[in-house]
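Trainee: Need a 3D model of the following:
(chains A and B)
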Number of protein chains: 2
Amino acid sequence: MKLSDLGEDRVIAELTKKLPLSTEVKVGVGDDCAVIGTPRDKQWELLKTDSLIEGVHFTKDADPKRVGWKALARAISDIAAMGGLPKYAMITLAVSPEEELARVKAIYSGLKQAARRFNVSIVGGETSRSLGGLFLSIALTGVVPKGECVLRSGGRVGNALYVTGRLGGSIRGKHLSFIPRVEEARWLVTNFPPNAMMDLSDGLGADLPRLARASGVGFEIARESLPLNPGCSPEDALKDGEDFELLFAIAPSKTGTLEKAWKERFPKLPLTRIGQLVAKNGKAADTEASSTNPSNSKYGFDHFA
Amino acid sequence: MKLSDLGEDRVIAELTKKLPLSTEVKVGVGDDCAVIGTPRDKQWELLKTDSLIEGVHFTKDADPKRVGWKALARAISDIAAMGGLPKYAMITLAVSPEEELARVKAIYSGLKQAARRFNVSIVGGETSRSLGGLFLSIALTGVVPKGECVLRSGGRVGNALYVTGRLGGSIRGKHLSFIPRVEEARWLVTNFPPNAMMDLSDGLGADLPRLARASGVGFEIARESLPLNPGCSPEDALKDGEDFELLFAIAPSKTGTLEKAWKERFPKLPLTRIGQLVAKNGKAADTEASSTNPSNSKYGFDHFA
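Mentor: Take a look at the predicted model:
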């Protein structure tokens, strides 16, 4: 059987059966990052790997400095989604010996720019020959105070759902220049701790069902409430990926003070209430984007489909 | 200018200029692992990434379970070379959608086997579409008690040089089934702390000059003393890569007790004194494999040459 016969989610499910895990692993496969720690630790460690592949995640003519920025920023966004701060990065670069040095240096320039912006140390990595196109993989560690780590799985029925920023149309440029929401997420987890949080990488229509599934609940969203980038439809906001905004669920009693405090702290970045978490078999208000029809085949990117 | 015009070492030197580094980074690029820690910490963290690429590091017909074992064991060997214990691994796999599920599952089976053998938790990773052949990248963390961490750079003039096991001919099979020297390295750093240590991945003739350069010293080895695998010449021992044995430098006053204690503790694994570290411009006993001629162009594998 070929991988394309199964699709990405089932391939991952097959491969990650019976993984060896120590008791210090709080979260393994299945959240934005892995979480390592013991009850005695004040800080928990976050671990993430993320790859960019030429011809899959970016085109050969993409600005190489932006490609480097994006590669590290994607992984930083996952650390932010847990409420953490990024710390140490290792860079793996596989590239043809025929590649121009200038292009590879420009990629590194973008990596270093993102690292400096978010206080990340680049501590190592590897360069290797590639027989195909350029392949860039980031391994990133982070830290989060034990009590402030937010998982996908903590959502509760009745939680309000919020997204930061605007959704859709990232492919027109934002996907190469976005700012990971580290500052916003740190502010949230210290002032208005969400029950569940993740970053939007595959599109709201694919990612929200993952958060709901991890939390064992359903969801409903009001399509007309979605914050849209210029020229985007609600459908684009659901299916376009790489928004790299935060999606979180929070107790409805906190929404009033949250919205007021957010406007004061982040006046330039919208925070939008888009719906709520509901009981697993609850009636959904929007039948096309709800837990009764979370269709991953309709929304999101499948690497092996 | 193309990467192949510069060669791997100079490409890496170009890319790793002015990397952002915090004060907690004890060792960044240039040793077997990065080392993170503060003087207050009892344990330091080790970070490593390492890749295996089809057509570069293994052939398409290689036993996929062994490929998985090798991928993780290579990174474990680097953790061992610092005196550390491996802890948490993330797996990045890029593969064609046309690949057989059975092959990918067999690779994971080898990864899990190595993880269980060395108490490594597999905590996450990523699968992605590859446009070329199969690409497997491992990110691995480890820990080492602060006082027991051994770098490449601590070698001193007069230190005796040792290697574990036998060298050469790894391509005939050992490269897919070797046992990382975690137990031996931990025993060394707690009982006979070396001044400098590394694992032999690119061949003694390429790796020993790196240890000497990092320590700011020269070296001399007695070619006839090299421990050889069956059918291998001293030349093979110098130029064949992927031995994954330990190379270390230790005070000459300790050699007698070390050799006796080693024989009792590891009776089946040879420990061989092969030479010594000398002053940087010292006269070398073996002109073909010494600091006066550390020719990386002669020994070792250059990814971009």
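Trainee: can you name the farthest residue from the center of chain A?
Mentor: Distance from the C-alpha centroid of chain A, by CA atoms, centre = their mean, peaks at A:E98 (33.3 Å).
Trainee: what's the nearest residue to A:E54 once chain neighbours are set aside in contact with, if anything?
Mentor: Among residues not flanking A:E54 along the chain, A:G133 sits closest, at 3.5 Å (CB to CB, 6 or more residues apart in numbering or on different chains). Where C-beta positions appear, they are placed from N, C-alpha and C, glycine not excepted. Listed by CB atoms under 8 Å, 6 or more residues apart in numbering or on different chains, the contact partners of A:G133 are A:53-55, A:60, A:96, B:131-132.
Trainee: same check, this time on A:P234
Mentor: A:P234 sits next to A:223-224, A:226, A:228 when contact means CB under 8 Å, 6+ apart.
Trainee: Scan these and report the most crowded one.
Mentor: A:L226 (23 neighbours; other CB atoms under 10 Å in any protein chain shown).
Trainee: Surely that residue touches A:R273?
Mentor: No - taking CB atoms under 8 Å as the definition, A:L226 is not a contact partner of A:R273, at 10.6 Å.
Trainee: Next, find the distance separating the residue in the stretch 51-200 of chain A positioned nearest to chain B from B:S96.
Mentor: Using CB to the nearest CB, the closest approach of the stretch 51-200 of chain A to chain B is made by A:G132 at 2.2 Å. Distance of A:G132 to B:S96, computed by CB to CB, to the nearest Å: 10 Å.
Trainee: next one: A:P64
Mentor: In terms of CB to CB, A:P64 sits 25 Å off from B:S96.
Trainee: more crowded one of those two?
Mentor: Neighbours per residue, other CB under 10 Å: of A:P64 and B:S96, the larger number sits with A:P64, 21 against 18.
Trainee: Now for the more buried one: which residues touch it?
Mentor: Applying CB under 8 Å, 6+ apart, we find A:P64 in contact with A:103-104, A:106-107, A:110.
Trainee: Tell me which residue lies nearest the centroid of chain A.
Mentor: Central residue of chain A (CA atoms, centre = their mean): A:D199, at 3.2 Å.
Trainee: Count the residues that sit near the residue of the stretch 51-200 of chain A closest to chain B.
Mentor: Counted with other CB under 10 Å, A:G132 comes out at 21.
Trainee: The spatially closest residue to it that is not a sequence neighbour in helix, strand or coil?
Mentor: Of all residues not flanking A:G132 in the chain, B:G132 sits nearest, at 2.2 Å (CB to CB, 6+ apart). Under DSSP: H, G, I helix; E, B strand; the rest coil, B:G132 falls in the coil class.
Trainee: Thought A:G68 was touching A:S109, still the case?
Mentor: Yes - if you go by CB under 8 Å, A:S109 and A:G68 touch, sitting 6.4 Å apart.
Trainee: When these two are compared, which one has more neighbours?
Mentor: A:G68 (28 against 15).
Trainee: quick revisit: surely the residue nearest to A:G132 meets A:S96?
Mentor: No - taking CB under 8 Å as the definition, B:G132 is not a contact partner of A:S96, at 9.9 Å.
Trainee: Touching both of those two, which residues are there?
Mentor: A:130-131, A:133.
Trainee: Perfect, that will be all.
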